[in-house]
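1. need a structure here:
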Amino acid sequence: MANILQTLEAEEKARLIANRAIPDFQPGDTLRVMVKIKEGERERIQAFEGVCIARDSGGVNETFTVRKISFGEGVERKFPILSPNIDSIEVKRRGVVRRAKLYYLRDRRGKSARIAERQSVRPAKGAVVPVTGSDDKGGDEA
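-> A predicted model of the protein is given here:
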């Protein structure tokens with residue numbers, strides 16, 4: 001019974017992901033989430049930019065939490081990854097953290113709430129990386 005449910009969920013997730021580009025991000029990364037907002041008959045797109053403090057796996061129900069400081073107040077928003085209300089997700093910068101959940105940032109203000117930027121970004125899955133340099137190790141050959 002569980003295998004049937006897992007199979008159906010995997011198929012549904014693959015179908016939903018095929019329609020949209022979801023970048024590879026993790027907690028500590030600064031994201032800009034473009035959210036569709038409906039006001040009466042009009043629909044507009046609003047940017048919500050902040051630090052991803054958590055990512056909760058759950059197959060089709062996977063969510064992530066973004067925290068930003070707006071006018072001196074901390075604002076957190078939890079988004080389902082496959083929500084139709086999300087227009088796009090853009091990774092602005094990558095952060096170096098050693099935790100999966102960054103809830104400790106809620107208690108921090110100013111410089112102590114900063115996250116160091118990751119210097120070397122690993123290539124995306126399936127990306128072709130050009131190899132530069134030669135095979136010479138720099139030693140003398142006799």
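
2. mind listing the strands for this structure?
-> 30-39, 42-56, 63-70, 73-80, 86-93 (DSSP state E).

3. so which of those is the most packed in?
-> strand 63-70 (a mean of 17; mean count of other CB atoms under 10 Å). Quick note: C-beta positions are derived from backbone N, CA and C, even for glycine.

4. let me see the mean pLDDT of that one.
-> The average pLDDT within strand 63-70 is 95.

5. touching that strand from outside, list them.
-> 25, 31, 33, 48-56, 74-81, 105-106 (CB atoms under 8 Å, 6 or more residues apart in numbering).

6. stretch 102-121 now?
-> Against stretch 102-121 from outside (CB under 8 Å, 6+ apart): Pro27, Gly28, Val51, Ile53, Ala54, Arg67, Gly74, Arg93, Arg94, Gly95, Val96, Val97.

7. please save the CA atoms from that stretch in PDB.
-> These are the backbone C-alpha positions of stretch 102-121, laid out as PDB (Å, rounded to 0.1, in the frame of the first residue of the first chain):
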ATOM      1  CA  LEU A 102      18.400  28.700  11.200                       C
ATOM      2  CA  TYR A 103      15.700  29.600  13.800                       C
ATOM      3  CA  TYR A 104      18.500  31.100  16.000                       C
ATOM      4  CA  LEU A 105      18.500  34.100  13.600                       C
ATOM      5  CA  ARG A 106      15.100  35.200  15.100                       C
ATOM      6  CA  ASP A 107      16.900  36.200  18.300                       C
ATOM      7  CA  ARG A 108      19.800  38.000  16.600                       C
ATOM      8  CA  ARG A 109      20.000  41.600  15.400                       C
ATOM      9  CA  GLY A 110      22.400  43.600  13.300                       C
ATOM     10  CA  LYS A 111      25.800  42.200  12.500                       C
ATOM     11  CA  SER A 112      25.300  39.000  14.500                       C
ATOM     12  CA  ALA A 113      22.500  38.000  12.200                       C
ATOM     13  CA  ARG A 114      24.800  38.100   9.100                       C
ATOM     14  CA  ILE A 115      25.600  34.900   7.200                       C
ATOM     15  CA  ALA A 116      29.000  34.500   5.500                       C
ATOM     16  CA  GLU A 117      28.800  34.200   1.700                       C
ATOM     17  CA  ARG A 118      30.000  30.900   0.100                       C
ATOM     18  CA  GLN A 119      32.900  31.700  -2.200                       C
ATOM     19  CA  SER A 120      32.900  28.700  -4.500                       C
ATOM     20  CA  VAL A 121      29.600  27.600  -5.800                       C
END
